[in-house]
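Undergrad: structural data only, the sequence is not supplied:
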């Protein structure tokens, strides 16, 4: 019976860990999926075109496209449409306009989460949702550690009472063992 309980517990822990890993990977990959580029691409940098100097965001692209094509809707335009219109501006001799996307994870080769965003960044809602999620996880972990510390103290008091009635172990040894356990738990809490 005990062996079956251990297997069930191991299965539950494995499922929970798998769920956490899959959820984390999904959240981390959201910003680089092509389908969501309108939410996570901040601009495009062109190396072989002097039309844009430096990375150009949607507003700069739209200004150039409006001056070339005339009237373009003032609403939100997709990055795919912007690239299509840019390629229509140049002849086939010039070749396709190639640009490097400036993504959510940063403009450099190092992938860092973008914590500081402005209201005009396309991903500001995503960042605030992630920060809220992190804060919620922090609160849950803090509450669990506080509860754990309280339970250890309560258990130590109960153990002290039980040992005092049996007189099997000196009080100071039990006190030292309880304090050592509490210090170890406190180290874990502080390190997290």
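TA: That came through, no problem. Since the structure is predicted, the reported quantities are computational estimates derived from the model, not experimental observations.

Undergrad: roughly how far out does the helix or strand of the chain with the lowest mean pLDDT sit from the chain middle?
TA: Across the helices and strands of the chain, mean confidence by mean pLDDT, DSSP states H and E is lowest for helix 171-191: a mean of 74. Relative to the mean C-alpha coordinate of its chain, helix 171-191 is positioned 33 Å out (CA atoms, centre = their mean, to the nearest Å).

Undergrad: going forward can the numbers begin at 18, since that is how I track them
TA: Sure, I'll start numbering at 18, so the last one becomes helix 188-208.

Undergrad: counting contacts, what elements does that helix pack onto?
TA: Under the contact criterion of 3 or more CB pairs under 8 Å, 6 or more residues apart in numbering; DSSP states H and E, helix 188-208 touches helix 141-183. Heads up, the C-betas are built off the backbone N, CA and C, glycines and all.

Undergrad: quick one: work out the angle between the helix it packs on and helix 188-208.
TA: Inter-element angle recorded for helix 141-183 and helix 188-208: 180 degrees (by axes from the mean of the first three to the mean of the last three CA atoms, to 10 degrees).

Undergrad: which other helices and strands does helix 141-183 contact?
TA: If you count contacts as 3+ CB pairs under 8 Å, 6+ apart, helix 141-183 packs onto helix 188-208.

Undergrad: so what touches stretch 66-82?
TA: Identification of contacts with stretch 66-82 by CB atoms under 8 Å, 6 or more residues apart in numbering yields 59-63, 89, 94, 96, 99, 102-103, 106, 114, 116, 119, 124.

Undergrad: please redo it, this time with the cut-off set to 6 Å
TA: In this structure, residues lying in contact with stretch 66-82 by CB atoms under 6 Å, 6 or more residues apart in numbering are 60-63, 89, 99, 102, 119.

Undergrad: try stretch 49-62
TA: Residues external to stretch 49-62 that are found in contact with it (CB under 6 Å, 6+ apart): 48, 72-74, 95-96, 116-119, 121, 139-140.
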